[in-house]
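Participant: okay, sequence plus prediction incoming.
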Amino acid sequence: MSEQKKTAAHEPLFHLAKRSSVNPVAAMGIRLAAIVLGLLVCGLVAFALIEKLQNNPGKIGDFYYSFIKGSFTSERKLWKFLKNMAVLQCISLAVTPAFRMRFWNIGAEGQTLMGVLGAITMAFYFGGKVPEWQLLIMMFIAALIYGAVWAVIPALFKAKWNTNETLFTLMMNYVATYVVSYFLVIWVPSGSSTLGKLKFGKLPPLPFGNQYLLIILISLALTIFLFIYLKYSKQGYEISVVGESIRTAQYSGINVKKVIIRTMVVSGLLCGLAGFIIGAGLDQSVTTESVGGQGFTAIIVSWLANFNPLFMIVTSALISLLNSGAAQISQDFNVSGALPDVIVGIILFFIIGCEFFINYKFVFRHKETGKGAAK
Amino acid sequence: MKKFVALLLALTLCLSAFVFTASAEVADVKLGVILLHDENSTYDLNFINGVNDAVKALGLSEEQVIMKRNIPESQECTDAALDLADEGCTIIFANSFGHETYLIDAAKQCPDVQFCHATGTKAHTEGLSNYHNAFAAIYEGRYLAGVAAGLKLNELKDAGLLKGEKPLMGYVGAFTYAEVISGYTSFYLGAKSVCPDVEMKVQFTGSWYDYAEEKNAATALIAANCDLISQHADSMGAPSACEDANIPNVSYNGSTVESCPNTFIVASRIDWAPYFQYIVNQVAAGEAIDTDWTGTIETGSVVLTAVNEKAAAAGTVAKLDEVKAALQAGTVKVFDTATEGFITVEGAALNSYIADVDDLGDYVPETEVVADGYFHESEYRSAPYFDVKIDGIELLNQMF
């Protein structure tokens, strides 16, 4: 009795309740509001950190304009934006099948890096010795195999001994980095560990359009393929069932181990393909930084799009836009390279944070207390 | 009289026009700078300071310089360079060794823009008129720093404070790479020039910037009876280990006297401001930039910080001035192969050495670099190629 009184007396001003249904239009509204709010906070932070802005507050317009300037003010910038987006999209697609299965593969960075290494290994040893088209096929196959092997190792351990896939795939990233370092030592006897751009093994651009057009089209085709694979194929359905509940999957006769391994092979193959794009299509070289953290960014891209390949076009565009905009700010205002990271971080914080407000709502004490508590 | 006035007027007009156009030409130059990292790396900070000093000296406006930070050694570098060209840059500079092949790509696409690259090796074989390499004869700075170290060791020896029988130095290196080998050897030779029985141990970390590894390496060297430590790596790891153990330290890239007041002796560094001034002036005047530009003590590119009198041996400043003058006059050579017993390789004199100067990707040495009694470092190309392992220096490990 007294306890009941106590809780009544200490009922908080508000509490949180899960929304029973989410109106998609309202959800979009909340997301947009979050981005706008994030941009406003960025402006405040920038004002606090950039001396040039303090001396001339009118330049705040330039600050926001930089986000557009970074990607759209020249043809070259636009293509570069589309290229960055395409590569990020590829890696994001690669992590998606595993995520839909609730297999938390955070090893895309390493799997992609191994893909780059696979492609460049072929170019290093066979460049100039076999015809270019043959070399490109070898690079392509090697990249896919390297990526798939790197992904299947943690999957085997997960399926056989139920090891923690998050830690395992994370560790494999570091191993991949050191494998690359190891080969750079062997390949570059001068000791600089810098391979530089190789002369052979360049993915030729399409006979028309920009040099990056092919990469963009590959990425687009892959998006459509993965959308169909996940949504309409039997394998895609199995992935969803395993993701919902392993027991349900077992009950319905799905071989869970097989699905886990097969799905990780798909993830690894796609990472390998992204590695081929980076190795043969862009850098024609490999360094430990070849993937540059995109394997981790891809996780956010995929998650924000709710693991839907079509929505990912929007999220990868958003992240690429933020990245090049933030770099443009560093350039225009001549400030340290850390500021772009801060700006991208703030906006992502707001975007991810708003998901909370989409799924939950505040219930205030003075308004229909009983009803709120009953829910 | 009228004619004279007219002539005078015409003359002043011409002159002022000349003066006006001269400054206008510098005002037409736009410099784009591509940096691997940002201010948080001492290596990149040194370039940013160089740009800012040059901008001040030349009176350039803010709009005439664009810096792109955190540009990786990949296709991103080509993209960044082309973007700078789009923004109207007439000179584009990149600061990291791995940028080179990507910058060459951009240079081929923009023949009207000048491309300059620090630490690179390919300009003299690439045959592009708008692509140039630059470095500094930092081995001369290292040699001077080594002289200061040798004097300190002599002082310790006279006071009976040496840990072992012979004076022993420790050196923390990044990679077993020509730039580092050239650096520690010239440092060792500087010390040897004043302290003939000195020996040195070198420990490599396998990274250009790793505070913990560098500190560990320095601590290990101190434990192995080293009397003095120097380093070629970019963090404060080695200097702070020295300050903790009260072991004298000769630093690199900048003075560490503020955090190491008791142990910092002197540091050598490359000042890039003279090179930035040089390229801007050349382009303004419509003159060609050297394919390989090697900064020296004379150009102001190789500099020493102020000597910390508290830690340095007495008379260090005077001796450094003397040796510096001798280096400038050419009477002292750093890699002196003529003086008997100064540079020996497995007991024998170094009368001939074929170095890999042409970086064609084959790693085959092709150029004779010992002549006239010395090793001609940074003469056939700006980046160092001295990679001889000489007597008196023991490598504790190798890191590529």
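Facilitator: Done, it's in.
Participant: who in chain A is up against chain B?
Facilitator: Within chain A, the positions near chain B by CB under 8 Å from any CB of the partner chain are A:74, A:76-77, A:80, A:185, A:188-194, A:196-197, A:282-283, A:285, A:287, A:289-290, A:292, A:327, A:330-331, A:334, A:336-338, A:340. C-betas here are computed from N, CA, C, even on glycine.
Participant: and those, which of them are buried?
Facilitator: By neighbour count, with 16 or more other CB atoms under 10 Å in any protein chain shown, the residues of chain A next to chain B hold A:77, A:80, A:185, A:188, A:190-194, A:196-197, A:282-283, A:285, A:287, A:289-290, A:292, A:327, A:330-331, A:334, A:336-337, A:340 as buried.
Participant: related to what we said a few turns ago, restricted to helices, list the residues of chain A next to chain B.
Facilitator: Secondary structure from DSSP state H places A:Arg76, A:Lys77, A:Lys80, A:Val185, A:Ala327, A:Ser330, A:Gln331, A:Ala338, A:Pro340 of the residues of chain A next to chain B in helices.
Participant: just give the closest residue to A:Phe81, not the sequence neighbours.
Facilitator: A:Ser71 (3.9 Å; CB to CB, 6 or more residues apart in numbering or on different chains).
Participant: hmm, the one you found is touching A:Ser324, no?
Facilitator: Yes. With contacts counted by CB atoms under 8 Å, A:Ser71 reaches A:Ser324, the gap being 4.9 Å.
Participant: between those two, which contacts overlap?
Facilitator: A:Lys77, A:Lys80, A:Phe81 (CB atoms under 8 Å, 6 or more residues apart in numbering or on different chains).
Participant: could you check how far the last one is from A:Ser74?
Facilitator: According to CB to CB, to the nearest Å, A:Phe81 and A:Ser74 sit 10 Å apart.
Participant: kindly report the same for B:Trp272.
Facilitator: Counting by CB to CB, the gap from B:Trp272 to A:Ser74 is 29 Å.
Participant: next one: A:Trp150
Facilitator: 37 Å.
Participant: please report the distance of B:Phe93 from B:Leu35.
Facilitator: Applying CB to CB to B:Phe93 and B:Leu35 gives a distance of 9 Å.
Participant: so for those two, which sits in the more crowded spot?
Facilitator: The residue with more neighbours, out of B:Phe93 and B:Leu35, is B:Phe93; 29 against 25, by other CB atoms under 10 Å in any protein chain shown.
Participant: quick check: beta-bridge partners of the more buried one?
Facilitator: Note on B:Phe93: beta-bridge partners by DSSP bridges are B:Val33, B:Cys116.
Participant: surely it touches B:Ala118?
Facilitator: Yes. B:Phe93 is in contact with B:Ala118 according to CB under 8 Å; the separation is 7.3 Å.
Participant: close to chain A: what parts of chain B are there?
Facilitator: Residues of chain B lying close to chain A (CB under 8 Å from any CB) are B:35, B:37-40, B:62, B:66-70, B:72-75, B:79, B:82-83, B:86, B:97-98, B:100-102, B:105, B:175-178, B:356, B:359, B:361, B:363, B:387, B:400.
Participant: between the ones in helices among the residues of chain A next to chain B, which sits nearest B:Thr256?
Facilitator: The closest of these to B:Thr256 turns out to be A:Ala338 (CB to CB; 23.0 Å).
Participant: for the residue nearest to A:Phe81, list the residues it contacts.
Facilitator: Here A:Ser71 is in contact with A:Lys77, A:Leu78, A:Lys80, A:Phe81, A:Ser320, A:Leu321, A:Ser324, A:Gly325 (CB under 8 Å, 6+ apart).
Participant: surely B:Leu60 is in a helix?
Facilitator: No. Counting by DSSP: H, G, I helix; E, B strand; the rest coil, B:Leu60 is not part of a helix but coil.
Participant: can you read off the backbone torsions of it?
Facilitator: phi -80, psi 150 (degrees, to the nearest 10).
Participant: give the contact list for it.
Facilitator: Here B:Leu60 is in contact with B:Val26, B:Ala27, B:Val29, B:Leu31, B:Ala54, B:Val280 (CB under 8 Å, 6+ apart).
Participant: buried subset of those, written for ChimeraX?
Facilitator: Buried members of the contacts of B:Leu60, identified by 16+ other CB under 10 Å, are gathered into one ChimeraX selection as follows:
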select /B:26,27,29,31,54,280
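Participant: okay, buried residues for stretch A:54-72 please.
Facilitator: Neighbour count says stretch A:54-72 has A:Lys59, A:Phe63, A:Tyr64, A:Tyr65, A:Ser66, A:Phe67, A:Lys69, A:Gly70, A:Ser71 buried, by 16+ other CB under 10 Å.
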